[in-house]
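**Student:** Okay, sequence plus prediction incoming.
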Amino acid sequence: MSVPVVATEGMVDGVVWVPANSVGAGVLADLASPGSTVTLKGAAQ
């Protein structure tokens, strides 16, 4: 899954937020559950 990243002032270190269900990507249904460990990688340029 590829999504844009936006860091905000109120975000806690070590926490990632993605919509649970959006067009074409059901995160909860297809990929992970709340509390899952994720890996973030930079985009190839």
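**Tutor:** All right, it came through fine.
**Student:** which stretches of the chain aren't confidently modelled?
**Tutor:** Within the chain, the set of residues satisfying pLDDT under 70 comprises 25, 45.
**Student:** Which residue lies nearest the spatial centre of it?
**Tutor:** To find the centre residue of the chain, average its C-alpha atoms and take the closest one (CA atoms, centre = their mean): that gives Val18, at 4.0 Å.
**Student:** can you count the residues close to the closest residue in space to that residue that isn't next to it in sequence?
**Tutor:** In this structure, Val18 finds its nearest non-sequential neighbour in Val27, 5.5 Å apart by CB to CB, 6 or more residues apart in numbering. For the C-beta atoms, the positions are set from N, CA and C on the backbone; glycine is no exception. By the criterion of other CB atoms under 10 Å, Val27 has 17 neighbours.
**Student:** Val16 is in contact with Val27, correct?
**Tutor:** No - with the criterion set as CB atoms under 8 Å, Val27 and Val16 do not qualify as a contacting pair; they are 10.8 Å apart.
**Student:** re the thing from before, where does the residue nearest to the centre of the chain sit: helix, strand or coil?
**Tutor:** Classification of Val18 into helix, strand or coil gives coil, according to DSSP: H, G, I helix; E, B strand; the rest coil.
**Student:** Identify the residues contacting it.
**Tutor:** Met1, Val3, Val27 (CB atoms under 8 Å, 6 or more residues apart in numbering).
**Student:** For Val16, see how far away the second one is.
**Tutor:** Distance of Val3 to Val16, computed by CB to CB, to the nearest Å: 10 Å.
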